[in-house]
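J.: Provide a 3D model corresponding to the input given below.
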Amino acid sequence: MGVYSDAVVIPPGMVQVVLSGTPRLRSDGTRPDDFAEETRQAWDNVREALLCAGAELSDIVQVRTWLTNADDMATYVEIRNEIIGHKPALMLAVVPQLVRPSFRLEIEVVAAVASTAATAACQDG
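T.: Predicted structure coming up:
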């Protein structure tokens, strides 16, 4: 189900950037109807959150993804593999429901960046 690492070591001097579950909502609060579009939107949201924190997709060391339908797994993995070109540690689970019943996926990531690149400007809880 993709290219990944069983373990990733974060070198000394790096700062972890931890993203909470990132759904596929657009900036206006609407959601795409198609699962492939939802997946791309979720990854766009991950990219934006990382950029705000001083990181990039290539800085990701771990990805945890939660899907609500096993039938969506192949589509998700295909799109994730287009977006993530390196080998972070990956976890993919199918759960009965996410916090909002309309959500079909959430993506959590951990990235590692040089301490001089990291910023806490995006913390908005």
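
J.: Okay, now the unreliable bits of this protein?
T.: 1-3, 23-24, 117-125 (pLDDT under 70).

J.: Longest helix of the chain, counting residues only.
T.: For the chain, the helix with the greatest residue count under DSSP state H is helix 35-52.

J.: For the helix or strand just after it, name the packing helices and strands.
T.: The helix or strand immediately downstream of helix 35-52 is strand 60-67, counting by DSSP states H and E. Packed against strand 60-67 by the contact rule (3 or more Cβ pairs under 8 Å, 6 or more residues apart in numbering; DSSP states H and E) you find helix 73-83, strand 89-94, strand 105-114. Every C-beta, even on glycine, is put in place using the N, C-alpha and C of the backbone.

J.: doesn't residue 89 make contact with residue 7?
T.: Yes - between residue 7 and residue 89 there is a contact under Cβ atoms under 8 Å: 6.6 Å.

J.: between those two, who's got more neighbours?
T.: More crowded of residue 7 and residue 89, by other Cβ atoms under 10 Å: residue 89, with 15 against 6.

J.: need the contact list for the more buried one.
T.: 4, 5, 6, 7, 8, 61, 62, 63 (Cβ atoms under 8 Å, 6 or more residues apart in numbering).

J.: could those go into CSV alongside distance to residue 49?
T.: Listed next are the contacts of residue 89 as CSV, based on distance: Cβ to Cβ, whole Å:
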residue, distance to residue 49
4, 21
5, 22
6, 26
7, 24
8, 19
61, 15
62, 15
63, 13
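
J.: Return the member of those residues nearest to residue 21.
T.: residue 63 (11.6 Å; Cβ to Cβ).

J.: how close does that closest one get to residue 30?
T.: 25 Å (Cβ to Cβ, to the nearest Å).

J.: So between these two, which is more surrounded?
T.: residue 63 (22 against 9).

J.: wait, isn't that one in contact with residue 86?
T.: No - applying Cβ under 8 Å as the test, residue 63 and residue 86 come out as separate, 10.8 Å apart.
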